[in-house]
Each structure stands twice: as structure tokens, then as C-alpha cells.
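1. The following block contains a protein sequence and its predicted model.
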Amino acid sequence: MVENPETDEFHSLRGPIDRPVLLTIRDIIERGEPLAAPSLDDYLNPTVLEVLLDDGLCRAESARIDVQWTTQADYKFHYTDSGGVNFRWGKHPHDGDYIHVPGRGHYHPPPDATSDPDEVEESCIKQSAEALVTRAVLKLWRVAYHADSYKPLNTASNPP
């Protein structure tokens, strides 16, 4: 996973990475998204599930979604592509810094997955189970992919 200091989140996920959940997410992605190739960075002690995508959104030729999920059920799905576009869905405490986000679930919009409190939005993903969150992310990505637009990424009504 390549970190970009300009888009790193100032708030951290709580607890250690939950390996069994990452394995569940990997299996869902393998079965549900033909353009994706998910793999753990370390099979026994993973820190991230890296999901390589054969195609990206809009003009991007390739992309990746990095998934982290903790034993405290905090998560981050971070999309980055060959065109330099980043966005992410997350669910974890943010100390009320995201003024438009009443709970823990939030969305950092493209093009740079900003952490600017005025731009971070409440996430349209209201589910909390890893299988449902994963399916929601895949559905949102797929809708945006077919629309050739970033606009649908956080506009669904409680996907999946």
C-alpha cells in the first residue's frame, strides 16, 4: 500500500486488523467483481487487503482499493487510480471534526479524498456487517464505473 501524505486521514482506526474479516471481504470480492484481484499484504498478519482493479473510473486505466477492517469494526475502503484520483469510505471515530457527519460513517470525496471538515460527507453506507459494507462498496464502484462518473459514489440510498 502506498501512502500519500496529502490524503492520509488524521484519525486512526481503533484496534488491530481483523484477519478473518479481511478473508471474508476478499472472498466476497473474488466472487462478485470480475475486474478485481484481491490479496492480503501478509497472509498471516495482514495490515491491508489490496484489491487490484483491471480498470479504473473515468479515464483511469487501472486502480486499487485498499481495505482495512479492525476488531473494533472500524473500516476504511480507499480507492486510488492511475490518474491520481483518490476517495474513500470510512467508519471510525473522528472526534466530531467532520461537521457534516453525525455518526462515524463518512466519505472522503474525489479527487483527493480530502479530510477538510467542510468537504467530508456522511456516508450513504449505513450497514455495519462486513459482507454488506463490501457489497455496497462494490455496487457503488460499479454504478460509477458504468456511469463513467464519480457522482454516484455516495448517492445511493443505503446500499447494497
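-> Noted; the coordinates are in hand.

2. contacts, neighbours, all on C-alpha from now
-> Noted.

3. so how far is Asp18 from Leu40?
-> As judged by Cα to Cα, to the nearest Å, Leu40 and Asp18 stand 12 Å apart.

4. Check Tyr79 too.
-> Taking Cα to Cα as the measure, Tyr79 falls 20 Å from Asp18.

5. For Pro38, which residues are in contact?
-> By Cα atoms under 8 Å, 6 or more residues apart in numbering, the contact set of Pro38 is 26, 29-30, 49-52.

6. Excluding chain neighbours, give the residue nearest to the residue nearest to the spatial centre of the chain in space.
-> In the chain, the centroid-proximal residue (Cα atoms, centre = their mean) is Phe77; its distance is 1.7 Å. Nearest residue to Phe77, sequence neighbours excluded (Cα to Cα, 6 or more residues apart in numbering): Val67, at 4.6 Å.

7. again, but for Asp81
-> That would be Ala63: by Cα to Cα, 6+ apart, it lies 3.9 Å from Asp81.

8. Which helix or which strand is home to Val101?
-> Assigned by DSSP states H and E, Val101 falls within no helix or strand.

9. Show the contacting residues for it.
-> Going by Cα under 8 Å, 6+ apart, Val101 touches 120-123.

10. The residue nearest to Asp81 is in contact with Leu53, isn't it?
-> Yes - contact criterion Cα atoms under 8 Å: Ala63 and Leu53 qualify, at 5.0 Å.
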